[in-house]
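**Q** Structure for the following, please:
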Amino acid sequence: MNQALAHYARRRKNEMIATILIASAGASTSQATTLPFEYGAFRSVCTSVEIAADPQVEQGFARATINENVARAIQERLRVLGPTYPVVAGPACLRERATAPQQLGLLFYARVVSDPEHPRRLIVSLIMHSFYSDPKSPGPYHTDIPKAQHEFPTDVSFCSAEADPSRCLTDRVVGYFDATMLKIIELAQELLKGGRR
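**A** Presented below is the predicted three-dimensional model:
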């Protein structure tokens, strides 16, 4: 009886979380509306993927592998644009390397729940915060743990029951980067090149 109640409670909780995630994605109004100079002036990148999930769901994710693969994919995309800057992976770089001059920090926060309609399918809600570390600039961004400079809109997607959770989440994070920050960096690089002429 207790197990049945616990299972029902978990299912109801996931249903509520899924509803909230999908509703918040449509209603999200927080986004980066400006194009700061630092998106073209950075010389290194720190990326970190944080995952929040129930223990049963969370065990399907290889966090270190996800962080490494995301950093590698972002580095490759930057190389295509021209910059060959180092991209450091994992949560430690936001703390330990936050004082690196001209470092762009990207924190991806993923909330993952089981789909109430298809329990083996996952609902992934993604949001990204960006930081810029420059010891010469005033404000909080040269501290060990910088405050969020920009928050991007929430994106909600699914990982099918057949997909490897780690691979799927990596693809979702990289796709989110492509749709948001990569376009901004590309535009900032073009503006910087135009200013040097």
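
**Q** Extract the C-alpha set from whichever strand or helix holds Leu107 and format it as PDB.
**A** Leu107 is located in strand 103-114, with elements delineated by DSSP states H and E. Only the C-alpha atoms of strand 103-114 are listed here, as PDB (Å, rounded to 0.1, in the frame of the first residue of the first chain):
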ATOM      1  CA  GLN A 103      36.400  34.600 -20.000                       C
ATOM      2  CA  LEU A 104      32.800  34.000 -21.100                       C
ATOM      3  CA  GLY A 105      31.000  31.700 -18.800                       C
ATOM      4  CA  LEU A 106      28.000  29.700 -19.900                       C
ATOM      5  CA  LEU A 107      25.900  27.900 -17.300                       C
ATOM      6  CA  PHE A 108      23.200  25.500 -18.800                       C
ATOM      7  CA  TYR A 109      20.600  24.500 -16.300                       C
ATOM      8  CA  ALA A 110      18.600  21.400 -17.200                       C
ATOM      9  CA  ARG A 111      15.500  20.200 -15.300                       C
ATOM     10  CA  VAL A 112      14.500  16.700 -16.400                       C
ATOM     11  CA  VAL A 113      11.400  14.800 -15.500                       C
ATOM     12  CA  SER A 114       9.600  11.700 -16.800                       C
END
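
**Q** which other helices and strands contact that strand?
**A** If you count contacts as 3 or more C-beta pairs under 8 Å, 6 or more residues apart in numbering; DSSP states H and E, strand 103-114 packs onto helix 2-27, strand 44-53, helix 55-58, helix 92-96, strand 122-133, helix 165-179. Quick note: C-beta positions are derived from backbone N, CA and C, even for glycine.

**Q** Confidence-wise, which of those is weakest overall?
**A** When these are compared on average pLDDT, helix 2-27 comes out lowest at a mean of 48.

**Q** now Ile74, nearest residue through space, not along the chain?
**A** Counting by C-beta to C-beta, 6 or more residues apart in numbering, Val87 is the residue found nearest to Ile74 once chain neighbours are left out, at 5.3 Å.
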